[in-house]
Each structure stands twice: as C-alpha cells, then as structure tokens.
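Trainee: Got a predicted model here, sequence first, then my questions.
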Amino acid sequence: MRFDLITLFPELFGPFLESGVTRRAFESRQVDVRLWNPRDFAEGAYRRVDDRPFGGGPGMVMLAEPLARCVGAIRAERADTAPLLLFSPLGERLAHARVEQEARGPGAILLCGRYEGIDQRFIDTFVDAQISLGDFVLSGGEVAAMALLDAVARLQPGVLNDAGSHQEDSFNPALDGLLDCPHYTRPENWQGQGVPAPLLSGHHAQIERWRREQRLAITARLRPELIEAARAAGRLTRQDEQFLGQL
C-alpha cells in the first residue's frame, strides 16, 4: 500500500520512519510512504502557501492552488483513486475499525494541515474524508498522520515480532472490542507487589479466564459503552454477564 503525505514539514517524518519495530514496514515498502511539500508547487520567489483570511481574524489560511497542484502531481504518479484524507478536529475520531480498513486498502493521500486552516474550497473539491485524533487541537496534522501510519504499519504481516501480538490489543475484534488486560513480567515480586496468582498457575484455561475477567472489569469501569457494544453484538457469554453482574 502507498501513503502520500502532503506536509510543510517533511523533515519531521525521518526519525519516525526509521525508528521502532514499525520501521520494518516502511523499509520493506509494505507501507510505502512518500512525502510531498506544497511549497514545491507554489509560485513566486517566496513560494507562498498561505494568506490572510477573508473577513479578518487571527492566523493564516493555506492556499488552495498549491495544494491542488500537489494533489494533481500525486494523482498522476499514483494513477489510482485512493482517497484524500484530511486530519482535522472536524473529522470522525480515528478508531480501530478505520485503522483496519486502511491496513487492508491501497493506501491514501494524507493532508497535514497547518496554520488556522485550509481554504474551504479546496476541502470541498478534493477531500474525501476528515479524521480527528480526539477533542483537542494540534498545531498541524503531522502527529495525527504518524499515529495513523504507526497503527496501520503494525498490522502488516511480519512487522511485529509475534504475528499474533496485535490480536491481543485493545479494541481488537479478536477480544470482542474490549480493552486489554494488565500485563506482568519478572521479577515475581517488585517493591512488595506480587503477580496475580492465576498468571503463575501454569493452568492455561485459568489464565485465559482471569485475563477475560480483567478485560471485562477494566472496560466496564473505563469505557462502559464498549461493553454495551459487545453485548449488542452478542459477543458476551453467560459467564461474562455473570461476572459483570458481580462487579
């Protein structure tokens, strides 16, 4: 799959693409990332990509024309109809389902906005969907783009050390969309705190039941709407419901 990133700060992505376990996906081009700077498509000696907003107000607005030319160049090189995604507080909140959708697809064009915003006429003409990380505002879309790329990359075959690692993640359908359980490692006793007995029992069924109950308890406490979603989808067993009733 291929992701074309439109960003005024392509230098931000170097360390990200070369670090951590997900670098395997980028180095192998399983997730092919290409960087495009809209300044390269701006006119004039100063290569302006922004201007003052009509109607007045603080900040600057990204110009439509350099972005349109940049998208045109990307489309010509890609020769496909991959969607153009804009990272924006107005967008749908990024969730695991969207990550899985992107991880199975051909990729996308990712637009990292800056300044006060982007000329709405460009958005109306070119943007297929808007994505948000949450109810807060960043100085640009680069951090959000890295979050999406990281989430997509770790789902690619061979990227994680254990192929089944992501199946144990929070929100994964393999765990019925629940949050993950607590994890422990050596030493067995740390600062007077031990490890839950089921994890030391060697009894696989007992361990799995403990983990299931922990996921249910944590999800019920922190994200009760996920419990309701799992219940509505018929993913909770009678044993699950009995445990929840005891909380």
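Mentor: Looks like it arrived, so ask away.
Trainee: residues in contact with the longest strand anywhere in the chain?
Mentor: When the chain is parsed with DSSP state E, its longest strand is strand 84-93. By Cβ atoms under 8 Å, 6 or more residues apart in numbering, the surrounding residues in contact with strand 84-93 are 71, 98, 108-113, 118, 123, 126-137, 141, 144-145. Backbone N, C-alpha and C define where each C-beta goes, glycine included.
Trainee: just stretch 114-126 next, same as before
Mentor: For stretch 114-126, the surrounding residues in contact (Cβ under 8 Å, 6+ apart) are 8-9, 50, 53, 57-64, 67-68, 71, 84, 86, 111, 139-141.
Trainee: End to end on that stretch, go ahead and measure it.
Mentor: This stretch, stretch 114-126, spans 17 Å end to end (Cα to Cα, to the nearest Å).
Trainee: Numbering from 12 from now on, please.
Mentor: Renumbered: residue one is now 12, and that last one reads stretch 125-137.
Trainee: Now do the longest helix anywhere in the chain: which elements does it pack against?
Mentor: Scanning the chain for the helix with the most residues, using DSSP state H, yields helix 215-233. Helices and strands touching helix 215-233, by 3 or more Cβ pairs under 8 Å, 6 or more residues apart in numbering; DSSP states H and E, are helix 208-211, helix 235-243, helix 249-257.
Trainee: Averaged pLDDT, the last one. What do you get?
Mentor: Helix 249-257 comes out with an average pLDDT of 98.
Trainee: For it, output the C-alpha coordinates as CSV.
Mentor: Presented in CSV, the C-alpha positions along helix 249-257 are these (Å, rounded to 0.1, in the frame of the first residue of the first chain):
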residue,chain,number,x,y,z
ARG,A,249,-23.4,-16.1,30.0
GLN,A,250,-20.3,-16.4,32.1
ASP,A,251,-19.2,-12.9,31.1
GLU,A,252,-22.6,-11.5,32.1
GLN,A,253,-22.5,-13.3,35.4
PHE,A,254,-19.1,-11.8,36.2
LEU,A,255,-20.2,-8.3,35.2
GLY,A,256,-23.2,-8.7,37.4
GLN,A,257,-20.9,-9.2,40.4
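Trainee: How far does it sit from its chain's centre?
Mentor: Mean C-alpha position of helix 249-257 versus that of the full chain (Cα atoms, centre = their mean, to the nearest Å) differs by 32 Å.
Trainee: ditto for the first one
Mentor: Taking the mean C-alpha point of helix 208-211 and that of its whole chain, the gap between them comes to 33 Å (Cα atoms, centre = their mean).
Trainee: Output that helix as CSV, restricted to C-alpha atoms.
Mentor: Coordinates of each C-alpha in helix 208-211 appear next as CSV, following Å, rounded to 0.1, in the frame of the first residue of the first chain:
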residue,chain,number,x,y,z
ALA,A,208,-1.8,-16.0,41.3
PRO,A,209,-3.6,-17.2,38.1
LEU,A,210,-0.7,-16.0,36.0
LEU,A,211,1.7,-18.2,38.0
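Trainee: in it, what's buried?
Mentor: 209, 210 (16 or more other Cβ atoms under 10 Å).
Trainee: Please enumerate residues in contact with that helix?
Mentor: 195, 199, 217, 218, 220, 221.
Trainee: ok, back up a step: of all the helices and strands packed on helix 215-233, which lies closest to residue 189?
Mentor: Among these, helix 235-243 comes nearest to residue 189, with 6.2 Å by Cβ to Cβ.
Trainee: quick check: angle from the closest one to helix 215-233?
Mentor: For helix 235-243 against helix 215-233, the angle by axes from the mean of the first three to the mean of the last three Cα atoms, to 10 degrees is 120 degrees.
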